[in-house]
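Trainee: Here is my input, please return the structure:
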Amino acid sequence: MDGKLFARLGAIVFVAVAITATAIEMTRKEEEPPVQALQPSEDTPADPLRQAQRRCQLLGEAAARDTECLRTWAETRDHFLGVAPVPAPPQPNDGR
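Mentor: The predicted structure follows:
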């Protein structure tokens, strides 16, 4: 046998195996994982920051001008970055 015959025979075997593997894979039925709806737990307390974020989300474009939303976003950013919140500056005492 010469080399060309072996090459042709190898190519035919390779194509046959590829077609068989493709046919088996296409006929196999996949099991879908059960879908569980995420529901908030009854015993977890509501997070005020999360509620403020939802409120700002519902405001849409108007949230960019809302001071409470700007404060909420700053707090969220600081929490995400791990930055300690800046303490409020002391109020000047007017001597009364």
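Trainee: Okay, buried residues for the longest helix along the chain please.
Mentor: What stands out as the longest helix in the chain, according to DSSP state H, is helix 3-27. Within helix 3-27, no residue is scored as buried using 16 or more other C-beta atoms under 10 Å. Yep, even glycine has a C-beta here, placed from its N, CA and C like the rest.
Trainee: Any idea how far it is from the middle of the chain?
Mentor: The chain centroid and the centroid of helix 3-27 are separated by 41 Å under C-alpha atoms, centre = their mean, to the nearest Å.
Trainee: Which other helices and strands does it contact?
Mentor: With contacts taken as 3 or more C-beta pairs under 8 Å, 6 or more residues apart in numbering; DSSP states H and E, helix 3-27 sits against no other helix or strand.
Trainee: Show me the contact partners of the helix or strand following that helix.
Mentor: Sequence order places helix 48-59 as the next helix or strand after helix 3-27, per DSSP states H and E. Here helix 48-59 makes contact (C-beta atoms under 8 Å, 6 or more residues apart in numbering) with 63, 66, 68, 69, 72, 73, 75, 76, 79.
Trainee: pLDDT of the following helix or strand past helix 48-59, averaged?
Mentor: Going down the chain from helix 48-59, the next helix or strand is helix 67-81, by DSSP H and E. Confidence over helix 67-81 (mean pLDDT, whole number) is 91.
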